[in-house]
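Chemist: Okay, predicted coordinates and the sequence, questions at the end:
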Amino acid sequence: MTEGESLPGTVAPSTGTLRAVLLLVHAADAAPDESVAAPESLIDDASAWFRAVSYRRLDFRVETVPRWLSLPARSTEYEADAARYLADAVAAADPYVDFSKVDVVYLAPASRTPSTSTSAILNGFGVRADGREIRLWVPLAAGFAGTGDAPTLLHETGHLLGLLDLYLAGSPNTFHRWGPDGRAMAVRASCLAPLEARLDRPRPGRLRDGADEAPRDAHAHRARRRTKALFVRRGNRVLAAEVRARAGYDRTLCETGVVVYEVDQTPFKRAPIRIHPARPDGKAPARDCSGMWNAPFELGRGEVRVFRLPSWGLRLELLARLRDGSYRVRLTSS
């Protein structure tokens with residue numbers, strides 16, 4: 001897992017079709033729920049989100065089995081032995097699912113399950129079914145199918161795609177909502193540009209590298225040949241300047257403008273994205289503003305429009321905000 005490219009075969013497909021199955025399971029110490037209905041609206045919302053942030057390059061499809069699958073052990077045993085949990089669930093579902101066509105498995109335990117934990121699991125162990133090795137899966141919380149926790153589904157699926165957590169325990173500034181793997185997951189957010197690039201695999205020139213004297217127009221969304229972000233790469237490190245606006249999944253942002261941040265693409269790097277805020281957060285304008293809400297650089301009265309980063313030898317200037325909501329920016333060597 002890395003904010004750079006993962007090795008082929010180690011993570012779920014991030015372009016094309018991601019094929020998943022959601023299994024309703026109940027352990028020996030939990031009765032099944034009455035409903036066998038899958039959380040279709042949640043699945044539809046997740047599919048729409050992945051389609052949007054990947055610029056229609058990732059089709060997220062989730063098959064469901066409309067029945068509760070009985071597992072032989074107690075929930076505490078499964079929490080202690082994840083490999084057995086996956087193996088028993090796949091064995092119970094095998095008569096109903098063609099696992100040769102499945103990339104990812106979600107286990108949704110009954111609401112009365114006494115003991116559960118949620119975490120994306122990949123490449124630690126596998127279960128073979130229908131000629132395919134199942135290695136990418138997520139055990140979900142009790143009652144998931146009924147409560148419909150969309151942010152958790154997006155967050156954990158992001159890990160299966162190779163994306164790391166953006167937050168670091170004990171560091172409040174990393175608990176932000178600038179990407180789906182920040183800890184502030186009460187709402188679905190758009191992605192930071194490097195994460196979008198993981199899902200989009202853009203053609204050369206759509207995300208630009210380097211710094212020069214020529215001003216460029218940066219837009220909140222890529223369309224045709226528009227630029228969403230400017231990148232400067234140095235080894236495993238990337239400096240990015242990205243436009244974020246109140247549109248789409250960002251429509252409830254507390255502040256907008258150009259967000260500047262560093263990305264460390266070292267594999268398994270904790271909190272690999274460091275945001276350089278234009279100013280401290282101060283008093284939030286709304287209750288759901290999370291950490292770093294005041295990070296964007298902007299052009300209004302009293303706003304910060306020039307950013308210098310001596311360690312990179314760079315200077316970023318916001319020159320103009322155009323009528324269509326885009327920004328004219330200049331990134332130069334200082």
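Modeler: Now that the structure is in, tell me what you want to look at. Numbering: from 1, shown residues only.

Chemist: Apart from its chain neighbours, what residue comes closest to residue 134?
Modeler: Of all residues not flanking residue 134 in the chain, residue 127 sits nearest, at 4.8 Å (C-beta to C-beta, 6 or more residues apart in numbering). Just so you know, the C-beta spots here come from the backbone N, C-alpha and C atoms, and that holds for glycine as well.

Chemist: what helix or strand does that neighbour sit in?
Modeler: If you go by DSSP states H and E, residue 127 is part of strand 121-129.

Chemist: Packing partners of that strand?
Modeler: In terms of contacts (3 or more C-beta pairs under 8 Å, 6 or more residues apart in numbering; DSSP states H and E), strand 121-129 is packed against helix 82-93, strand 132-139.

Chemist: State the distance from the residue nearest to residue 134 to residue 136.
Modeler: With the distance defined as C-beta to C-beta, to the nearest Å, residue 127 ends up 11 Å from residue 136.

Chemist: For those two, indicate the residue with more neighbours.
Modeler: residue 136 (24 against 20; other C-beta atoms under 10 Å).

Chemist: Pull up the per-residue confidence for residue 7.
Modeler: As predicted, residue 7 sits at a pLDDT of 77.

Chemist: what's the answer for residue 63, then?
Modeler: For residue 63, the predicted pLDDT is 95.

Chemist: Report whether it is found in a helix, as I expect.
Modeler: No - Residue 63 is assigned strand when assessed by DSSP: H, G, I helix; E, B strand; the rest coil, not a helix.

Chemist: got the contact list for it?
Modeler: 19, 20, 21, 22, 97, 102 (C-beta atoms under 8 Å, 6 or more residues apart in numbering).

Chemist: rerun that using 7 Å as the cut-off
Modeler: Residues near residue 63 by C-beta atoms under 7 Å, 6 or more residues apart in numbering: residue 21.

Chemist: So if we follow the domain assignment, how does the chain break up?
Modeler: Domain segmentation of the chain under automatic domain parsing yields 16-160, 172-333.

Chemist: What sits closest to residue 76 if chain neighbours are left out?
Modeler: Counting by C-beta to C-beta, 6+ apart, the residue nearest residue 76 is residue 115, at 4.8 Å.

Chemist: before we move on, the earlier item: select, out of the domains of the chain, the one closest to residue 9.
Modeler: Closest to residue 9 of the domains of the chain is domain 16-160 (C-beta to C-beta; 9.1 Å).

Chemist: quick one, strands of the protein?
Modeler: Using DSSP state E, the strands found in the chain span residues 16-26, 58-70, 104-109, 121-129, 132-139, 208-209, 216-218, 229-234, 237-244, 257-264, 273-276, 306-309, 314-321, 327-333.

Chemist: would you turn these into TSV with distance to residue 154?
Modeler: Formatted as TSV, the strands of the chain follow (distance: least, C-beta to C-beta, whole Å):
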stretch	distance to residue 154
strand 16-26	12
strand 58-70	10
strand 104-109	12
strand 121-129	16
strand 132-139	11
strand 208-209	28
strand 216-218	25
strand 229-234	21
strand 237-244	18
strand 257-264	20
strand 273-276	17
strand 306-309	30
strand 314-321	30
strand 327-333	28
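
Chemist: tell me the most buried of the ones you listed?
Modeler: Ranked by average neighbour count under the criterion mean count of other C-beta atoms under 10 Å, those are headed by strand 104-109 at a mean of 26.

Chemist: looking only at pLDDT, what's the mean for that one?
Modeler: Computed over strand 104-109, the average pLDDT equals 96.

Chemist: helices and strands around that strand, which ones?
Modeler: Applying 3 or more C-beta pairs under 7 Å, 6 or more residues apart in numbering; DSSP states H and E, we find strand 104-109 packed against strand 16-26, helix 82-93, strand 132-139.
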